[in-house]
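need a 3D model of the sequence below.
(2 chains)
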Amino acid sequence: MVEVKICIGTACYVMGGANFLLIKEKLSDKERKKVKLEFVPCLGYCKSGKGKPPFVLINGKIYEKIVDVDALIEIIRENIEK
Amino acid sequence: MEKIVEVDFCNVPKHLQKISGDVFQKNIASDNENKVVCTLSDGLGSGVKANVLATLTATMAQQFIMNNMDVRIAANIIRSTLPICSIRKISYSTFTTVNIDSAIELAKVIEFDNPPYFLVRNGKMLNIKKKLVKLEKQKNITRNSLMYSEFKVEFGDRIILFSDGVTQSGMGTKRLPLGWRLEGVKKFILELLEKERDISARRLASLVLKEAMKNDLFVPKDDTTCAVLYYRRARELLVITGPPFDKSKDDYVVERFKEFKGKKVICGGTTAHIISRKLCKPIKINISERSADVPPTSTMEGAELVTEGILTLNKVSNLLKSQEFKSDTSKDGATKLFDMLLNNDCIHFLVGTAVNEAHQDPNMPVELGLRRITVEKIVRLLREVYLKKVLVEYV
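Sure thing, here's the model as predicted:
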């Protein structure tokens, strides 16, 4: 199971995170069964200065500056295949 | 127990008009904070001309009544000041002015040609004795009298004012050939109060207006306004926004959240995270909520509403500034918070002043500026335009 925590805090939301709300609809049924999706009010990474929003935490690893929902799906798929 | 007079109104202009010929004004007397004065005025015709007439009337009435001027003198000055319509050769604007002093629980109402006001007490409509006050005869003015009434207000009383756009709504339609009329409005209000005993002034006014619009098949044939004054126990709301400047104050914020007796709103992801962590209450995001400009709200036990921070506050500030009545039902975090602010009377803001440096990145939208400035704007509007009692505490 791939655990995905998507930050929809202010910085992440304005820098493209708003589109991540559509992710569930973009995943196939098969993929959806392998992914545990969670949206969180703020992951807090923007304050640490380590990277740029939007941030997504996948299986405990932080991914930064994810340009769009397709890029996020790509990362999730890579994690499913691992 | 603190008692207050909640005043609110809803208005829509006549179809195809951009501005309403009905004007509603409300003020608190400068020399007596318990005295609330409000006026609903309906100017002759519609559009800009009617709006000017009604604004002139309402502004004068408000000032005269707040300064305790005799009603006869006030009405005569208003009538002789209004400009004469070049087409109809008359000068005309109706008005109803209500003045409530909650310290002595006394209400005084002056009515000049508007539909009569309703007084609802314990779910029943009361008939108040009204005095006919004769006015000096004036050229171009057909009506030379007004109605004056005075009564003791009781806890839970509602005074409902409306323009003729409400009573005449639906006129000419199959369902209501003679319009909604006073009887129809009365029945609607009493049935509504039976269902929702604690309905706020704002909601009651908006529902009356929605029904009137429905009667007109959403094409209002006249400027339509409903205003409600509701004498009741003050409702308290706590809005916590932003993490404290000093992290050691986190516990204080959580304590305030826990101890507060009224409704509670958390505005900001980090703030919500702090409270959720300290109280071990999980936050669940309502992802089904889609809005173009603000992130979705969340749910947390103990909080009435959990929203994102600065984007939501900016939108709330714009909504408060526009004072527009919106009939759409789509709700996002900002419209929900806007409704909560207007449905409560004493609003406590607990504002954390820690700055999120990521928001100061030049690549970020300028709207993500400082939280304090946005909160100050909201506070000023709530105090000056919506007559709310607002307390602000920075941490």
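
only C-alpha atoms from now on, for both contacts and neighbour counts.
Fine.

run through who's touching the lengthiest helix in chain A.
Assignment by DSSP state H gives helix A:69-81 as the longest helix of chain A. Residues from elsewhere that reach helix A:69-81 (Cα atoms under 8 Å, 6 or more residues apart in numbering or on different chains): A:1-2, A:4, A:19-20, A:22-23, A:27, A:31, A:34-35, A:58, A:66.

who are the neighbours in contact with B:V253?
Contacts were defined as Cα under 8 Å, 6+ apart; by that measure B:V253 touches B:I240, B:P244, B:I275, B:L350.

show me those residues that map onto strands.
Using DSSP state E, the subset of those located in strands is B:I240, B:L350.

where does chain B have low pLDDT?
Residue ranges of chain B with pLDDT under 70: B:1, B:89, B:91, B:139-142, B:324-330.

interface residues of it facing chain A?
Taking Cα under 8 Å from any Cα of the partner chain as the contact definition, chain B meets chain A at B:268-270, B:272-273, B:283-285, B:287, B:295, B:298, B:308-311, B:356-359, B:364-365.

helices of the chain, start to end?
All of this refers to chain A. Under DSSP H, chain A gives helices at A:10-14, A:23-26, A:29-34, A:45-48, A:69-81.

please go with chain B instead
Going by DSSP H, chain B shows helices at B:47-66, B:71-81, B:164-167, B:181-195, B:201-215, B:250-259, B:269-279, B:310-322, B:333-343, B:371-384.

buried residues, the first one. List them.
What that stands for is helix B:47-66. Within helix B:47-66, the residues that count as buried by 16 or more other Cα atoms under 10 Å in any protein chain shown are B:47, B:49-62, B:64-66.

got it, and the last one?
The neighbour-count check on helix B:371-384 (16+ other Cα under 10 Å) flags B:R371, B:R372, B:T374, B:V375, B:K377, B:I378, B:V379, B:R380, B:L381, B:L382 as buried.

picking that back up, of all the contacts of helix A:69-81, which comes closest to chain B?
Within those, distances to chain B taken as Cα to the nearest Cα reach their minimum at A:L22, with 9.1 Å.

count of neighbours near that closest one?
14 (other Cα atoms under 10 Å in any protein chain shown).

okay, it: pLDDT?
With respect to pLDDT, A:L22 has a value of 86.

tabulate the helices of chain A (TSV), appending mean neighbour count.
Converted to TSV, the helices of chain A look like this (neighbours: other Cα atoms under 10 Å in any protein chain shown):
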stretch	mean neighbour count
helix A:10-14	25
helix A:23-26	12
helix A:29-34	13
helix A:45-48	17
helix A:69-81	14
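
of these, which is nearest B:D164?
B:D164 sits nearest to helix A:10-14 of all the helices of chain A, at 45.9 Å, using Cα to Cα.

any part of that closest one near chain B?
Yes: using Cα under 8 Å from any Cα, helix A:10-14 reaches chain B at A:T10, A:A11, A:Y13, A:V14.

for the last one, give me its contacts.
Right, the one you point to is A:V14. Counted by Cα under 8 Å, 6+ apart, A:V14 has contacts B:M364, B:P365.

one more: the first one?
For A:T10, the contacting residues are A:C42, B:G269, B:P295, B:E308, B:G309, B:I310, B:L311, taking Cα under 8 Å, 6+ apart as the criterion.

could I get these as a markdown table with distance to B:T97 and neighbour count?
Output for the contacts of A:T10, formatted as a markdown table (distance: Cα to Cα, whole Å; neighbours: other Cα atoms under 10 Å in any protein chain shown):
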| residue | distance to B:T97 | neighbour count |
| --- | --- | --- |
| A:C42 | 49 | 24 |
| B:G269 | 45 | 27 |
| B:P295 | 42 | 29 |
| B:E308 | 41 | 28 |
| B:G309 | 39 | 27 |
| B:I310 | 39 | 26 |
| B:L311 | 38 | 26 |
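
closest to B:F24 among those?
B:L311 (30.3 Å).

how about that closest one, nearest residue that isn't a chain neighbour?
Spatial nearest neighbour of B:L311, excluding adjacent residues (Cα to Cα, 6 or more residues apart in numbering or on different chains): B:V294 at 6.0 Å.

just checking, the one you found touches B:G333?
Yes: shown here, B:V294 and B:G333 form a contact pair, counting by Cα atoms under 8 Å, at 6.9 Å.

joint contacts of the two?
Taking Cα under 8 Å, 6+ apart as the criterion, B:V294 and B:G333 both touch B:E308, B:T312.

more neighbours: those two, which one.
Each of B:V294 and B:G333 has its neighbours counted (other Cα under 10 Å); B:G333 has more, 28 against 24.

wait, the more buried one touches B:D293, no?
No: using Cα under 8 Å, B:G333 makes no contact with B:D293, being 9.9 Å away.

which residue is the nearest non-sequential neighbour of whichever residue of chain B sits closest to chain A?
Ranked by Cα to the nearest Cα, the top residue of chain B for proximity to chain A is B:G269, at 4.5 Å. Nearest-residue entry for B:G269: A:P41, 4.5 Å, with adjacent residues in sequence omitted and distances by Cα to Cα, 6+ apart.

so which of the helices of chain B comes closest to B:M125?
Ranking the helices of chain B by proximity to B:M125 (Cα to Cα) places helix B:181-195 first, at 7.8 Å.

counting by contacts, list what that closest one packs against.
Helix B:181-195 sits against strand B:124-126, helix B:164-167, helix B:201-215, with contacts defined as 3 or more Cα pairs under 8 Å, 6 or more residues apart in numbering or on different chains; DSSP states H and E.

distance between that helix and the chain's centre?
Relative to the centre of its chain, helix B:181-195 is centred 20 Å away, using Cα atoms, centre = their mean, to the nearest Å.

what's near enough to touch B:K129?
So, once contact is read as Cα under 8 Å, 6+ apart, B:K129 ends up touching B:S149.

ditto for B:G170
Counting by Cα under 8 Å, 6+ apart, B:G170 makes contact with B:L176, B:P177, B:L178, B:G179, B:W180, B:A212, B:K214, B:N215, B:D216, B:L217.

ok, now how distant is the fifth one from B:K186?
To tie it back to what came earlier, the one meant is B:W180. Note on B:W180: its distance to B:K186, by Cα to Cα, to the nearest Å, is 10 Å.

these two: who's more crowded?
Counted by other Cα under 10 Å, B:W180 and B:K186 do not tie: B:W180 has more neighbours, with 23 against 17.

okay, now the residue lying closest to that one once chain neighbours are set aside: neighbour count?
Distance criterion Cα to Cα, 6+ apart; nearest residue to B:W180, sequence neighbours excluded, is B:T167 at 5.2 Å. Residues near B:T167, counting by other Cα under 10 Å, number 21.

in this structure B:T167 contacts B:L178, no?
No: using Cα under 8 Å, B:T167 makes no contact with B:L178, being 9.5 Å away.
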